[in-house]
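Asks: Give me a model of this one.
(one chain, ligands or ions: 1)
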Amino acid sequence: MKKIKIETTFDVYDSVEDLAIPVQKLLKKATEAREKAYAPYSQFLVGAALELENGKIISGNNQENASYPSGLCAERTAIYYAGSEFPNQKILRMAIVAGSTKNPTIKPIPPCGACRQALSEYEVKQNTAMELYFMGTSGQIAFSKSVENILPWVFDKSVL
Ligand code: THU
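Replies: Model (predicted):
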């Protein structure tokens, strides 16, 4: 028997001003996307914005449904659009801003498990790390250097 240890490291920034300008811009786009989210059932609004290698920014937000499981998270709304419209463009980074309208969300909100799996698909496909920045509607910003960093030992195409 042997034990396998997987370690994860994050950077946590106290202020948006501590981040590079392109990242600040991406967070702003995610914030704008969040404001247009359709989340009448949870009142938890999420915006995501991703930057392609050609400089284009694609954003998306959560789209809920009266039939709850038919809704979709912001991250997947954004990345599926990018994958369908720009299939050959690498995704450099994604910013995610999430928060409830019922109470302040002041800590970084990481992507859900299903979104990690979906983002991982594109990271594996492009064979290049996708940076992730995520935050609440204010407060600290968390940075992960890749999707793999928050979804180690992933199920991917190599096993099929
Ligand atoms: N949600 C996202 O958009 N992204 C996540 O990573 C987690 C959850 C959405 C789904 C649902 O509309 C609301 O947040 C509450 O779960």
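Asks: so how many other residues sit close to residue 119?
Replies: Residue neighbour count, defined by other Cβ atoms under 10 Å, stands at 27 for residue 119. Where you see a C-beta, it was placed from the backbone N, CA and C, and this is true even at glycine.
Asks: now residue 108
Replies: 21.
Asks: show me what contacts it?
Replies: 12, 134-136, 139-142 (Cβ atoms under 8 Å, 6 or more residues apart in numbering).
Asks: Next, give me the two most distant ones among those residues.
Replies: 12 and 136 (12.4 Å; Cβ to Cβ).
Asks: which of these two has more neighbours?
Replies: Set residue 12 next to residue 136 and count neighbours by other Cβ under 10 Å: residue 136 wins out with 18 against 11.
Asks: and the more buried one, what pLDDT?
Replies: Residue 136 is assigned a predicted lDDT (pLDDT) of 98.
Asks: Need the contacts of residue 108 in CSV (columns: secondary structure and distance to residue 41).
Replies: Converted to CSV, the contacts of residue 108 look like this (DSSP: H, G, I helix; E, B strand; the rest coil; distance: Cβ to Cβ, whole Å):
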residue, secondary structure, distance to residue 41
12, strand, 31
134, strand, 22
135, strand, 23
136, coil, 20
139, coil, 25
140, coil, 28
141, strand, 27
142, strand, 26
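Asks: Format these as TSV; extra columns: distance to residue 4.
Replies: TSV is the format used below for those (distance: Cβ to Cβ, whole Å):
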residue	distance to residue 4
12	26
134	27
135	31
136	33
139	34
140	31
141	31
142	25
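Asks: and the protein, which residues reach the ligand?
Replies: 39, 42, 44, 46, 62, 64, 71, 73-75, 111-112, 115 (Cβ under 6 Å from any ligand atom).
Asks: redo that, cut-off 5 Å
Replies: 39, 42, 44, 46, 62, 64, 73-74, 111-112, 115 (Cβ under 5 Å from any ligand atom).
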